[in-house]
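> Need a 3D model of the following:
(chains A and B)
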Protein chains: 2
Amino acid sequence: MRQGISVGEAWDCIRDFCRPLPGETLPLFDALGRCLTEPVVSTRQLPPAACSAMDGYAVRPGDLAGATASSPVRLPVAFEVAAGAQSARSLQAGEVARIFTGAAVPAGAEAVVRQEDTQHEGGHVRIEICPPEGENIRAAGEDMEIGDSVLSAGTLIGPAQTGVLASLGRSRVAVHRRPRVAILSGGDELVEIDGDVSGGRIVASNAYMLWAACRALGAEPYSLGIAADRPESVEAQFRAALSADCIVSTAGVSVGDHDHVRPVLEKLGCQLEFWGVRMKPGYPLAFGRFQAKPGSGEGAGPLVFGLPGNPVSASVCFEQFVRPALRLMMGRQDLYRPLLTARVVDGLRKKPGRLHFVRVTLEQSGGEWIARSTGNQSSGVMTSMTQAHGLLIFPEEASELAPGATALVQVLDEGLFDPTSPGF
Amino acid sequence: MRQGISVGEAWDCIRDFCRPLPGETLPLFDALGRCLTEPVVSTRQLPPAACSAMDGYAVRPGDLAGATASSPVRLPVAFEVAAGAQSARSLQAGEVARIFTGAAVPAGAEAVVRQEDTQHEGGHVRIEICPPEGENIRAAGEDMEIGDSVLSAGTLIGPAQTGVLASLGRSRVAVHRRPRVAILSGGDELVEIDGDVSGGRIVASNAYMLWAACRALGAEPYSLGIAADRPESVEAQFRAALSADCIVSTAGVSVGDHDHVRPVLEKLGCQLEFWGVRMKPGYPLAFGRFQAKPGSGEGAGPLVFGLPGNPVSASVCFEQFVRPALRLMMGRQDLYRPLLTARVVDGLRKKPGRLHFVRVTLEQSGGEWIARSTGNQSSGVMTSMTQAHGLLIFPEEASELAPGATALVQVLDEGLFDPTSPGF
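Numbering: from 1, shown residues only, chains lettered A, B, ... in the order given. This is a model prediction of the structure:
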């Protein structure tokens, strides 16, 4: 086990043990937000035939030479094609067909004139323009031809992808499984949300925060409650978690005498990869892995993150390590939070030796981003995380960011880039 | 009813009829992604007592003057305080107490020395530093005092907010209701996803796309299936939708003879506000509203969006009008997609008179964003929406964006800003 490694070393280590989870075949309605395990090739031509993009009249432009609003051409409406109907006959010279959006264009027709450019008169229509060939006609296969690669493996399924898959009749799709994340709390001072907080007890709020963080990114969290500060209680909780893909413990893995997590993990066969990361908040982070599912003797067992107990430390460690690991397991290719360069108007100081993630607010001013500390950077001040737009990266060996210097900021606030106007 | 209005006029009209939906009280676990209807004021002091931020020893710094690694001070360990326990006695001069993270600091102690800076020897400890007063102690109330405003009304509940609410024991919270969105399809050419597509029939893929778009933004969509091209079928479908907060019809509201939607809406008492928006794709958009819930005689009835039938038109209209309307109803303050200014390297041309939303890809190059058309801008090419990173706003009266000109782009791809590195 390595100890006191850098943030970059920690993430490199974790990433090496992460793999996209196997696929499962789901109804399309359940696949939103998942990533395809295999490419999707079109099995249909869409549209299935040349069809009208408008309500209007199918015409042969040769009949309409010189037609204008002041000198329209009057032609007989020979027949009608409704949407969903295929035309029984073809269009002859000197006639037009009434046609509706989505209806198959009859043979012989080479354009559609929209209704707004016509005047209907009994069985005839006066047409006021001469359309170019193909006008308002969607060619067969314009969207997809049979055999087209329409979605690549790894594609995240959003609304447009859902529409395309529906068009192809794909009511079931193969997507990466969501990681099941067991969330463990431990400590005699902790109670559940409805518990009695007299005598200095506090709610195990980290478990709730982490549950929400897992849900927000599309994983499948479940809480295993609060273990007492006794080895047998901690062991029972970890045993119950072994079927997860990922175990996130907020019990802390520390050097303290009362820490039962590390001996329990070792007893259960967890290979601890590192303890302690040169960062603030969040130094006492542990990461390990089980070699195999218990009893199976093969395959990878759950990854284990022992997060620090202080709420901000737990949250920052989750952001840096657990979130990208879970996204990787979900088959996502975009693992990280957006980054921007911001000017640190007030400057920042620290001792070298640890990378600091500084909670900052962000605002745009004169074409650049301005970062300001949210104030108290104590790792106990969870309310500061509700105010922070991002985490400013204050590099390990740096001791000062002078007023006006710039630094990279990881953007946590998913609405930060949302404007107050739609742009039109 | 107004006709042929501008995109800005259309949105202004819709926004005037949108209100945040009333609140409902939900278990905290169901409130993720919702907005608070009322502010949250702290009812607890957190932490409830001064407590240790580290595993180590509670000390009186006056006892440790001059302590260093080479000249440590040796003191007796008088007692121990575990997390969750309150100290039974106070710390006297010349003694230290063993303490663990989260444990209440005993009276008399003014700092905590972390375990790493000590050496334990039987009932004594050698301490190698002299900490400043308050070191490694989290003050009582550092995070929240009773009466603090911790979350304002309208706050979107994310992981950090969930943690704060849990800390306060708020197992139930009042949040804006999610809009229920009835999705209606209509047309004899349409079948459900598993339907028979012979004879030119196609899947009603718009309904699937719109369902996913509603779900992705946190609304509660349900599909009412496909109405036949008969007035009684369309009417039955709209009647079934009247209990929704919002009706999204992909049947289209058009000038065509086969359009039964408009007469049905009028028969049912819908006030149509406008038909036709000067945009491309998406001109034949209708918007209306029911005055009241059916039978209730009071309150607002559902908003009605009659989207164009072409899939890209439906998608673009949803983005411009339905998405921000639903977000407003959910109590969101950030209604719009991110905007960026991009350089149009290849230039674009169109006729003046309609605002074009051009599907573009976006990439960063030399510190600026480059926008390129996804190619075929036909409103039938749904696959282009799976490739588009954004919608470029080509203003109504413009006829040319010269090569190298810049334009605003609405960003659709939620991963566009996600970097390939974490930044540390």
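> can you count the residues close to the closest residue to A:Asp413 other than its chain neighbours?
Among residues not flanking A:Asp413 along the chain, A:His389 sits closest, at 4.3 Å (Cβ to Cβ, 6 or more residues apart in numbering or on different chains). Using the backbone N, CA and C atoms, a C-beta is placed for each residue, glycine as well. By other Cβ atoms under 10 Å in any protein chain shown, 23 other residues sit near A:His389.
> phi, psi of A:His389?
phi -90, psi -20 (degrees, to the nearest 10).
> ok, it - contacts?
A:360-362, A:409, A:411-413, A:416 (Cβ atoms under 8 Å, 6 or more residues apart in numbering or on different chains).
> Can you redo those residues as TSV, where the extra columns are secondary structure and pLDDT?
Listed next are those as TSV, based on DSSP: H, G, I helix; E, B strand; the rest coil; pLDDT from 0 to 100:
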residue	secondary structure	pLDDT
A:Val360	strand	97
A:Thr361	strand	96
A:Leu362	strand	97
A:Val409	strand	97
A:Val411	strand	97
A:Leu412	coil	96
A:Asp413	coil	93
A:Leu416	coil	90
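> all helices of chain A, in order?
A:7-16, A:159-167, A:205-216, A:231-241, A:261-267, A:311-317, A:323-329, A:383-387 (DSSP state H).
> residues in contact with the first one?
Contacts of helix A:7-16 from elsewhere in the structure, counted by Cβ under 8 Å, 6+ apart, are A:2, A:5, A:273-274, A:277-279, A:285, A:287, A:303, A:320-321, A:324-325, A:328, A:355, A:396, B:422, B:424.
> Select from these every entry located in strands.
Residues of the contacts of helix A:7-16 located in strands (DSSP state E): A:2, A:5, A:273-274, A:277, A:279, A:287, A:303, A:355.
> Just give me the closest of those residues to chain B.
A:Leu355 (6.1 Å; Cβ to the nearest Cβ).
> Might one say that the closest one is in contact with B:Phe424?
Yes. The pair A:Leu355 / B:Phe424 is scored as a contact, 6.1 Å apart, by Cβ atoms under 8 Å.
> what sits in contact with each of the two?
Joint contacts of A:Leu355 and B:Phe424 (Cβ under 8 Å, 6+ apart) are A:7, A:393, A:395.
> What residues does the residue nearest to A:Gly4 when sequence neighbours are not counted make contact with?
Counting by Cβ to Cβ, 6+ apart, A:Gly4 lies nearest to A:Gly276, which is 4.5 Å off, once chain neighbours are set aside. Contact analysis of A:Gly276 by Cβ under 8 Å, 6+ apart lists A:3-5, A:283-286.
> any idea which of these is closest to A:Glu110?
For the contacts of A:Gly276, the residue nearest A:Glu110 by Cβ to Cβ is A:Leu285; the value is 68.7 Å.
> From chain B, how far off is that closest one?
Between A:Leu285 and chain B the distance is 14 Å, computed by Cβ to the nearest Cβ, to the nearest Å.
> Poorly predicted segments of the stretch 1-150 of chain A, please.
A:84-85 (pLDDT under 70).
> got the residues of it near chain B?
A:7-8, A:11, A:28-29, A:32-33, A:44, A:46-49, A:51, A:53, A:55, A:82-86, A:98, A:100-104, A:115-116, A:138, A:142-144, A:148, A:150 (Cβ under 8 Å from any Cβ of the partner chain).
> buried subset of these?
Neighbour-count burial (16 or more other Cβ atoms under 10 Å in any protein chain shown) applied to the residues of the stretch 1-150 of chain A next to chain B gives A:7, A:11, A:28, A:32-33, A:44, A:46-49, A:51, A:53, A:55, A:82-86, A:98, A:100-104, A:115, A:138, A:142-144, A:148, A:150.
> Which pLDDT value goes with the residue nearest to A:Asp413?
If you check A:His389, the pLDDT there is 96.
> What is the end-to-end distance of stretch A:27-47?
Length of stretch A:27-47, first residue to last, Cα to Cα, to the nearest Å: 24 Å.
> out of the ones in strands among the contacts of helix A:7-16, which one sits closest to B:Ala240?
So of the ones in strands among the contacts of helix A:7-16, ranked by how close each gets to B:Ala240 (Cβ to Cβ), first place is A:Leu303, at 47.7 Å.
> any idea how far the closest residue to A:Pro20 other than its chain neighbours is from A:Ala153?
Of all residues not flanking A:Pro20 in the chain, A:Gly331 sits nearest, at 4.3 Å (Cβ to Cβ, 6+ apart). Separation of A:Gly331 from A:Ala153 (Cβ to Cβ, to the nearest Å) stands at 9 Å.
> any shared contact partners between these two?
In contact with both A:Gly331 and A:Ala153: A:36-37, using Cβ under 8 Å, 6+ apart.
> between these two, which one's more packed in?
A:Gly331 (22 against 14).
> Buried subset of the contacts of A:Gly276 as a ChimeraX selection?
Selection of buried members from the contacts of A:Gly276 for ChimeraX, criterion 16+ other Cβ under 10 Å:
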select /A:5,283,284,285,286
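> Would you mind giving the contacts of A:Gly276 as a markdown table with distance to B:Gly66 added?
Shown next, in a markdown table, are the contacts of A:Gly276 (distance: Cβ to Cβ, whole Å):
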| residue | distance to B:Gly66 |
| --- | --- |
| A:Gln3 | 30 |
| A:Gly4 | 27 |
| A:Ile5 | 33 |
| A:Tyr283 | 27 |
| A:Pro284 | 29 |
| A:Leu285 | 34 |
| A:Ala286 | 35 |
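> wait, which of the contacts of A:Gly276 is closest to chain B?
Using Cβ to the nearest Cβ, those come closest to chain B at A:Pro284, 8.6 Å.
> Now the closest one. Nearest residue, chain neighbours left out?
The shortest distance from A:Pro284 to any non-neighbouring residue, by Cβ to Cβ, 6+ apart, is to A:Pro308 (4.8 Å).
> can you count the residues close to the residue lying closest to A:Leu391 once chain neighbours are set aside?
Distances taken as Cβ to Cβ, 6+ apart place A:Phe357 nearest to A:Leu391, at 4.2 Å, with adjacent residues excluded. When neighbours are defined as other Cβ under 10 Å, A:Phe357 has 28 of them.
> repeat for A:Arg126
A:Arg126 has 16 nearby residues by other Cβ under 10 Å.
> Correct me if wrong: it contacts A:Val73.
Yes. Contact criterion Cβ under 8 Å: A:Arg126 and A:Val73 qualify, at 7.2 Å.
> Only the buried residues of stretch A:377-388, if you could.
Going by 16+ other Cβ under 10 Å, stretch A:377-388 has these buried residues: A:377-386, A:388.
> Check the residues you listed one by one and keep those near chain B.
Of the buried residues of stretch A:377-388, the ones that also sit near chain B (Cβ under 8 Å from any Cβ) are A:378-383, A:385-386, A:388.
> Closest one of the residues you listed to A:Glu121?
Nearest to A:Glu121 among these, with distances taken as Cβ to Cβ, is A:Thr386, at 67.6 Å.
> Number of residues surrounding the nearest residue to the closest one once chain neighbours are set aside?
The shortest distance from A:Thr386 to any non-neighbouring residue, by Cβ to Cβ, 6+ apart, is to B:Ala160 (4.6 Å). B:Ala160: 23 surrounding residues under other Cβ under 10 Å.
> Which residues of the stretch 201-350 of chain A lie near chain B?
A:201-213, A:215-216, A:229, A:252, A:254-259, A:309-311, A:315, A:320, A:324, A:333-339.
> Out of those, which end up buried?
A:201-213, A:215-216, A:229, A:252, A:254, A:256, A:258-259, A:309-311, A:315, A:320, A:324, A:334-339.
> residue ranges with poor pLDDT in the stretch 201-350 of chain A?
Using pLDDT under 70, the stretch 201-350 of chain A drops low at A:251-258, A:292-299.
> Go again with 90.
Applying pLDDT under 90 to the stretch 201-350 of chain A flags residues A:201, A:228-230, A:250-263, A:266, A:284, A:291-301, A:308-310.
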